[in-house]
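In: sequence first, predicted coordinates after that:
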Amino acid sequence: MKHKILYSYAGIATHLLVTDPKFLILMDTGDGIIRDLLEEEITFPVSTPVHIFFTHGHYDHCGGLFSFLGFLRMIGQEFPVNIYYPEGATEIEGLIDLFNSVYQDTMIFEFNITKLKPGSKLEIDGGVTIKTYQMKHCGSTLSHGLLPEIPALGYAILKNGKKMIAYTGDTGMNENLQDLVKDACHAYIEATNPNTKQSVFHLSSKEASELGKLAKKFTKIHTIKKIRQK
């Protein structure tokens, strides 16, 4: 099982690629997902089932979904595409509904949708299990500040019972993070908050580093990229 963060900057895009001879997994599909996948040694159409997991519905994590599904349809994808997302993530539901309404009569691949709750376990081919963890994440904008909490999940990918990958998605510190990251071969931990002060909806770099000590190896993701503003 190979894995790689293709791109990850807060407010722009994040996506994690996991490949195995029996399947392809994407954790989130932010803007530019097709471009970033084409940079990898992947043959299209994908000759295995495709599993797409979403941590939450913010645009920088799901904004590339419509174009990616359209790309798979255009190139003649035949193996199933399976989409999983937190129950109540209306942004993702809206993108799926739009794609279905436009292309339902000309779909060429099987299209499956699963809404997930915290504590769910899914079996994927090849002895792989996906386990979900409740995360704590809120919305925000630069002009309006903190917004209400939204549905958000973290994911652990286990193979033959061994926790290969932990992926936090976006989250503030909460009681589930240690369980998610502990003993992972590789943990991908968001570190958006540049301050040392604890945030209610994003981890700081210091918090991410402390959590990372629970895993065998970790990478901090979803950091801040400067955006030119007026």
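Out: Nice, thanks for sending it over. The shown structure was predicted, so the numbers you read here are calculated from the model rather than taken from an experiment.
In: going by C-alpha atoms from here, please, whenever you check contacts or count neighbours.
Out: Fine.
In: check contacts around Asp124.
Out: For residue 124 the amino acid is Ile, not Asp. Residues touching Ile124, when contacts are defined by C-alpha atoms under 8 Å, 6 or more residues apart in numbering, comprise Ile130.
In: can you count the residues close to Glu175?
Out: Glu175: 10 surrounding residues under other C-alpha atoms under 10 Å.
In: tell me the confidence at it?
Out: We have a pLDDT of 92 for Glu175.
In: could you do Ser199 as well?
Out: Ser199 is assigned a predicted lDDT (pLDDT) of 63.
In: do the same with Asn193
Out: Model confidence at Asn193, expressed as pLDDT, equals 81.
In: and the residue nearest to it when sequence neighbours are not counted, how far is that from Met173?
Out: In this structure, Asn193 finds its nearest non-sequential neighbour in Ser204, 4.3 Å apart by C-alpha to C-alpha, 6 or more residues apart in numbering. Plainly put, Ser204 is 9 Å away from Met173 if you go by C-alpha to C-alpha, to the nearest Å.
In: of these two, who's got more company?
Out: Between Ser204 and Met173, Ser204 has the larger neighbour count (other C-alpha under 10 Å), namely 23 against 20.
In: so what does the helix or strand where Tyr155 lies touch, helix or strand wise?
Out: Element membership for Tyr155 (DSSP states H and E) is strand 153-159. Contacting strand 153-159 under the criterion 3 or more C-alpha pairs under 8 Å, 6 or more residues apart in numbering; DSSP states H and E are the following elements: strand 128-134, strand 162-167, helix 177-181.
In: could you dump the last one to CSV, C-alpha only?
Out: Taking only C-alpha atoms (Å, rounded to 0.1, in the frame of the first residue of the first chain), the coordinates of helix 177-181 have been written out as CSV:
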residue,chain,number,x,y,z
LEU,A,177,-7.4,12.3,18.1
GLN,A,178,-5.1,10.3,20.2
ASP,A,179,-7.0,7.1,19.4
LEU,A,180,-6.9,7.9,15.7
VAL,A,181,-3.2,8.7,15.6
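In: and that helix, how far out from the chain's middle?
Out: 16 Å (C-alpha atoms, centre = their mean, to the nearest Å).
In: sketch out the strands for the chain, chain order is fine.
Out: Residue ranges of the strands in the chain, as given by DSSP state E, are 2-9, 13-20, 23-27, 50-53, 81-86, 111-116, 121-124, 128-134, 137-141, 145-150, 153-159, 162-167, 186-190, 218-221.
In: quick one: list the elements packing against the last one.
Out: Contact analysis of strand 218-221 by 3+ C-alpha pairs under 8 Å, 6+ apart lists strand 186-190, helix 205-212 as its packing neighbours.
In: avg pLDDT for the first one?
Out: What it means is strand 186-190. Strand 186-190 shows a mean pLDDT of 98.
In: how about the longest one?
Out: pLDDT averaged over helix 205-212 equals 94, rounded to a whole number.
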